[in-house]
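Undergrad: missing the sequence, but the structure's below:
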């Protein structure tokens with residue numbers, strides 16, 4: 001089956017699972033629940049849940065086992081965006097072409113919505129009774145490591161510390177390997193853990209995901225200076241306005257493009273020779289590095 005129909009089917013699956021995991025907007029406390037739904041159901045690329053399905057597909061996982069981790073990783077991603085947009089963080093008013101949660105509701109509700117989405121993600125994994133206890137624990141640990149101080153939160157702290165300074169390239173790569181890359185790596189690992197991946201395959205897939213995380217961020221940095229707010233669905237030029245270190249700022253546009261190409265080669269090398277259906281992983285990688293928003 002070509003990758004594109006698979007991706008469309010997986011998108012339908014994760015949207016249905018997210019809808020079923022989220023509380024209804026007419027349930028008390030309504031404002032909190034509506035804010036959670038605003039954060040999650042407002043569109044988005046759904047790259048991370050698609051990576052869960054694609055990695056599971058590559059390693060022979062039962063597709064029904066992948067719905068919970070696909071939803072969980074997207075819930076964590078949504079929570080991170082809600083908090084990232086807060087005035088104390090990146091202070092943005094636009095996300096996915098709509099007002100950010102703290103603008104549409106209020107700052108306190110946004111904080112609580114983010115907290116609740118993170119908790120919901122781990123609950124979704126813990127109660128997936130189609131998976132054995134060992135798999136559920138492995139999922140929980142992988143997602144917790146990616147979301148915490150050794151992953152996404154640590155990267156956000158480095159990002160805030162580095163605002164207004166010019167970071168050396170190795171420090172910028174470390175920042176984004178944590179802030180953006182950790183959750184992308186977790187998505188691939190969650191899917192592969194549900195399959196028949198041995199340690200060597202997990203390591204190769206992790207190398208692919210690490211390269212994809214950096215490639216995604218480099219493309220993000222390029223788009224921030226080339227695309228409009230309407231195209232991006234968020235405020236364009238934000239990095240430059242906040243004096244953040246970016247790949248184009250450090251390397252120039254041509255240098256950033258070369259760095260992106262290097263990560264594409266790294267992804268190709270990581271997947272070369274692996275068994276299984278790799279077409280969806282390759283399709284998602286292409287979408288990530290060629291996207292216009």
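TA: Nice, I can see it. Note that the structure is predicted; figures quoted are calculated from it, not measured.

Undergrad: so residue 283 belongs to a strand, correct?
TA: No - according to DSSP: H, G, I helix; E, B strand; the rest coil, residue 283 belongs to no strand; its state is helix.

Undergrad: run a quick neighbour tally on it.
TA: Applying other C-beta atoms under 10 Å, we find 17 residues neighbouring residue 283. Backbone N, C-alpha and C define where each C-beta goes, glycine included.

Undergrad: so it versus residue 181, what's the distance?
TA: Separation of residue 283 from residue 181 (C-beta to C-beta, to the nearest Å): 20 Å.

Undergrad: ok, residue 152 next?
TA: Residue 152 sits 9 Å away from residue 181, going by C-beta to C-beta.

Undergrad: first vs last residue of stretch 141-160, how far apart are they?
TA: One end of stretch 141-160 to the other measures 26 Å (C-alpha to C-alpha, to the nearest Å).

Undergrad: do stretch 118-133 as well
TA: With C-alpha to C-alpha as the measure, stretch 118-133 spans 21 Å from end to end.

Undergrad: residues in contact with that stretch?
TA: Residues from elsewhere that reach stretch 118-133 (C-beta atoms under 8 Å, 6 or more residues apart in numbering): 21-22, 36, 62, 64-65, 68-69, 71-73, 75-76, 79, 136, 139-140, 143-144, 147, 194.

Undergrad: and the residues you listed, which are buried?
TA: Among the contacts of stretch 118-133, those buried by neighbour count (16 or more other C-beta atoms under 10 Å) are 21-22, 36, 65, 68-69, 71-73, 75-76, 79, 136, 139-140, 143-144, 147, 194.

Undergrad: can you give me the helices in the stretch 51-200 of the chain?
TA: Assigned by DSSP state H, counting those that start in this stretch, the helices in the stretch 51-200 of the chain fall at 67-84, 101-104, 107-126, 133-147, 152-162, 169-179, 181-193, 199-226.

Undergrad: give me the helix or strand of the chain that scores worst on average pLDDT.
TA: Lowest on mean pLDDT, DSSP states H and E among the helices and strands of the chain sits helix 229-232, with a mean of 59.

Undergrad: what's the nearest residue to residue 90 once chain neighbours are set aside in contact with, if anything?
TA: Closest residue to residue 90 apart from its sequence neighbours, by C-beta to C-beta, 6 or more residues apart in numbering: residue 84 at 5.4 Å. Counting by C-beta under 8 Å, 6+ apart, residue 84 makes contact with 90, 92, 156.

Undergrad: these into CSV, with extra columns for neighbour count, distance to residue 99 and pLDDT?
TA: Below are those laid out as CSV (neighbours: other C-beta atoms under 10 Å; distance: C-beta to C-beta, whole Å; pLDDT from 0 to 100):
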residue, neighbour count, distance to residue 99, pLDDT
90, 21, 15, 90
92, 19, 10, 92
156, 19, 21, 94
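
Undergrad: what would those residues look like in JSON lines with distance to residue 110?
TA: Below are those laid out as JSON lines (distance: C-beta to C-beta, whole Å):
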{"residue": "90", "distance to residue 110": "13"}
{"residue": "92", "distance to residue 110": "12"}
{"residue": "156", "distance to residue 110": "15"}
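
Undergrad: which one of those residues is nearest to residue 244?
TA: Nearest to residue 244 among these is residue 90, at 9.0 Å by C-beta to C-beta.

Undergrad: could you pull up phi and psi at that closest one?
TA: phi -90, psi -10 (degrees, to the nearest 10).

Undergrad: and for residue 42?
TA: According to degrees, to the nearest 10, residue 42 has phi -90, psi 30.
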